[in-house]
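# Attaching a predicted model along with its sequence, questions to come.
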Amino acid sequence: MVEKVEKKNDIKTYDVIIIGAGPAGYTAAIYTARANLQTIMLAGDSPGGQLLLTSEVENYPGFKDGIMGPELMDEMKAQALRFGTEFRSDFVTKVELDGDIKKVWVGEEEYQAKTIIISTGASANWLNLKNEQRLMGKGISACATCDGFFFTGKHVVVAGGGDSAMEEALTLAKFASKVTIVHRRDEFRASKIMQKRVKDHEKIEIIWNSTIVDVIGENFVAGVRLKDTVSSEEKNFACEGLFVAIGHTPATKLFTDILDMTEKGYIVTEPSTATKIPGVFAAGDVADARYRQAITAAGEGCKAALEAEHFLQNI
């Protein structure tokens, strides 16, 4: 049995602090709180992460008719609260992760814990267009695996030129009637094998030397406005969906120079969810540059919780 909350200098020492919410954080909280570990979640002001931007989720097990992204997050939060998780919609501003007791600050307020689970997620990079946010979830997406099915038989545009864009286009080609990749240069930066697969695909066409300067549509995407990067000429291009594939940015700034990270800023975990600092774990998109699915994030949250529990039992 893990020792319960301690008091040190009038500051509670929790068994677990979870930084960030979303599928990974909520799942971790469900497991740790249910294991009778004193758990607090510092979720920030958008608890739920990328799923708050998702309309209908059809590929999360247990919901045969699908579920809205925000609703799924509300259900997870309620389940975590049911088992006794403390919850704060606060941003963590500073951390000290060395030593047996980890310290976390929200402004001037200090929290302490024996273990930390980081589930701050990653955000898709957007084009920052005038109508982009207005039509988010109404024909605009950053995840073909999540949303490709909804565009069955439709013509969609993919923005990007790296491996991610190639993967999105190939996934969408399984559903869409036509896929058009718009790239600002006259060659891709993607790997040669991915380029070949795209260029050889009968459903995929490429518009070179062009950027998307806006999205067209009232209640749903009806097209994009393209600008030629050579001539500066602009024109409307009809389509029924836009997938932005220009990368993701993990929310790891808080841990710079504290934890090991990949070139792209994702937290390095090995084995499983453990970081290089004993008692500190990372789960979900903050450490996953490949899958970025709600179900994989939830699975990583479960792993992090079980590993935190095991760590506490052995200190």
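Alright, I've got the coordinates. Residues are numbered from 1 along each chain as shown.
# which residues of the stretch 51-200 of the chain score low on pLDDT?
Of all residues in the stretch 51-200 of the chain, those with pLDDT under 70 make up the ranges 52-55.
# hey, where'd the strands end up in it?
Residue ranges of the strands in the stretch 51-200 of the chain, as given by DSSP state E, counting those that start in this stretch, are 56-57, 67-68, 86-88, 94-96, 102-106, 109-118, 122-124, 140-141, 155-159, 178-182.
# can you redo those as a markdown table with distance to residue 202 and mean neighbour count?
Placement of C-beta: from N, CA and C, glycine included. A markdown table is the format used below for the strands of the stretch 51-200 of the chain (distance: least, C-beta to C-beta, whole Å; neighbours: other C-beta atoms under 10 Å):
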| stretch | distance to residue 202 | mean neighbour count |
| --- | --- | --- |
| strand 56-57 | 29 | 18 |
| strand 67-68 | 35 | 18 |
| strand 86-88 | 51 | 17 |
| strand 94-96 | 51 | 15 |
| strand 102-106 | 53 | 19 |
| strand 109-118 | 44 | 23 |
| strand 122-124 | 28 | 20 |
| strand 140-141 | 23 | 26 |
| strand 155-159 | 14 | 25 |
| strand 178-182 | 10 | 23 |
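# Mind checking those for the one nearest to residue 306?
With C-beta to C-beta as the measure, strand 109-118 is the member of the strands of the stretch 51-200 of the chain nearest residue 306 (10.8 Å).
# Give me the sheet partners of that closest one and which way each runs.
As defined by DSSP bridges, the strand partners of strand 109-118 come to strand 11-19 (parallel), strand 102-106 (antiparallel), strand 280-282 (parallel).
# residues of the longest one that come out buried?
For strand 11-19, burial by neighbour count (16 or more other C-beta atoms under 10 Å) applies to 13, 14, 15, 16, 17, 18, 19.
# Check which element follows it along the chain.
Past strand 11-19, further along toward the C-terminus, the next helix or strand under DSSP states H and E is helix 22-34.
# Give me the contacts around that next one.
With contact meaning C-beta atoms under 8 Å, 6 or more residues apart in numbering, helix 22-34 is reached by 15-16, 18-19, 39, 41, 43, 47-51, 73, 76-77, 79-80, 83-85, 117, 119, 121, 283-286, 294-295, 297-302, 304-306, 308-309.
# Just the ones in helices from these, please.
Among the contacts of helix 22-34, the residues falling in helices (DSSP state H) are 73, 76-77, 79-80, 294-295, 297-302, 304-306, 308-309.
# State the distance from residue 302 to residue 295.
Relative to residue 295, residue 302 is positioned 11 Å away (C-beta to C-beta, to the nearest Å).
# the more surrounded of those two?
In this view residue 302 and residue 295 are compared by other C-beta atoms under 10 Å, and residue 302 has more residues nearby, 17 against 14.
# Helix or strand: which one has residue 269?
No secondary structure element spans residue 269, as it lies outside all helices and strands (assigned by DSSP H and E).
# Spit out the contact partners of the most centrally placed residue in the chain.
Here the mean C-alpha position of the chain is nearest to the C-alpha of residue 122 (C-alpha atoms, centre = their mean), at a distance of 4.1 Å. Counting by C-beta under 8 Å, 6+ apart, residue 122 touches 50, 248, 249, 250, 251, 266, 285, 286, 289, 292.
# Need the residues you listed in TSV (columns: distance to residue 315, pLDDT and neighbour count).
What follows is the contacts of residue 122, written out as TSV (distance: C-beta to C-beta, whole Å; pLDDT from 0 to 100; neighbours: other C-beta atoms under 10 Å):
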residue	distance to residue 315	pLDDT	neighbour count
50	34	71	22
248	34	91	21
249	34	93	14
250	28	95	23
251	28	94	19
266	27	97	20
285	28	95	30
286	24	97	29
289	31	89	17
292	33	86	20
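# all strands for the stretch 201-315 of the chain, in order.
204-207, 210-216, 223-228, 234-238, 241-244, 248-250, 280-282.
# Would you mind finding the most buried of those?
strand 280-282 (a mean of 28; mean count of other C-beta atoms under 10 Å).
# What average pLDDT does it get?
Taken as a whole, strand 280-282 has a mean pLDDT of 98.
# coming back round to it: nearest to residue 278, of the contacts of residue 122?
Nearest to residue 278 among the contacts of residue 122: residue 286, at 18.6 Å, using C-beta to C-beta.
# Give me the phi and psi angles of the nearest residue to residue 229 once chain neighbours are set aside.
In this structure, residue 229 finds its nearest non-sequential neighbour in residue 209, 4.8 Å apart by C-beta to C-beta, 6 or more residues apart in numbering. Here the main-chain torsion angles of residue 209 (degrees, to the nearest 10) amount to phi 50, psi 50.
# before we move on, the earlier item: could you dump the strands of the stretch 201-315 of the chain to CSV with distance to residue 192?
Converted to CSV, the strands of the stretch 201-315 of the chain look like this (distance: least, C-beta to C-beta, whole Å):
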stretch, distance to residue 192
strand 204-207, 15
strand 210-216, 22
strand 223-228, 26
strand 234-238, 27
strand 241-244, 22
strand 248-250, 23
strand 280-282, 32
